[in-house]
Each structure stands twice: as C-alpha cells, then as structure tokens.
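J.: Next one to model:
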Amino acid sequence: MIKNINIIGHKTIVFDSNKHKSILDAANEGGTVIDSMCRDGFCNQCRCALVTGKVEYFQDIILDDDRYILPCSCVPAEDCSISPGR
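T.: Numbering: from 1, shown residues only. Predicted coordinates:
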C-alpha cells in the first residue's frame, strides 16, 4: 500500500506499508522530524492535526479531539495531509 502524506510546512512523503510501520517512521525516514517520546501512543508528544484524509490505528487510541492523530500509532488509510505541532 503506497500513500502520499503531505506534511504541511515540510514536504510530501511516501508511505509504503511494506517498509514503514507508522506515519511517524515514514516522516522520520523522509527527513521530517516530528517530536516524539514513547512511540507507542501514550505520551501524545507526536500529536498532529489531520487536515485531510483518514488514518487507521493499530491499537485503541482515545484522543479528546478527532481532528488530531498520533502518527506513531497509525497508518494512512488514504492520501492525507497532517500538520505537526500542538
């Protein structure tokens, strides 16, 4: 599964499900550093706004606002745009 992820203010990266385990991994490999700590969906340090598109989580994640995602714990379900930062 190949999806494009536009990281607003940075660049568009390519997510390859055969190569990347999360959006955060793909961003880091593509040269865009998104702040992170636990990399397991617990600390919320990597929280990004989901501007367009949809993601799928590979564990149960509860966020107080569905406009945000935790890129350490999800993969793109379709091409998407995210905005890093709080």
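
J.: how about low-confidence regions in the chain?
T.: Counting by pLDDT under 70, the chain has low-confidence residues at 86.

J.: Show me the residue sitting in the middle of it in space.
T.: Pro71 (2.8 Å; CA atoms, centre = their mean).

J.: Could you report the distance from the residue in the chain sticking out farthest from the centre to Cys48?
T.: Using CA atoms, centre = their mean, the residue of the chain lying farthest from its centre is Asp64. It sits 16.8 Å away. Per CB to CB, to the nearest Å, Asp64 is found 15 Å from Cys48. (C-beta placed from N, C-alpha, C; glycine too.)

J.: residues contacting the nearest residue to Asn18 once chain neighbours are set aside?
T.: Residue nearest to Asn18 in three dimensions, not counting chain neighbours: Met1, with 7.9 Å by CB to CB, 6 or more residues apart in numbering. Met1 makes contact with 15-18, 75, according to CB atoms under 8 Å, 6 or more residues apart in numbering.

J.: The same query, at a cut-off of 10 Å, please.
T.: Applying CB atoms under 10 Å, 6 or more residues apart in numbering to Met1 gives the contacts 15-18, 20, 75-78.
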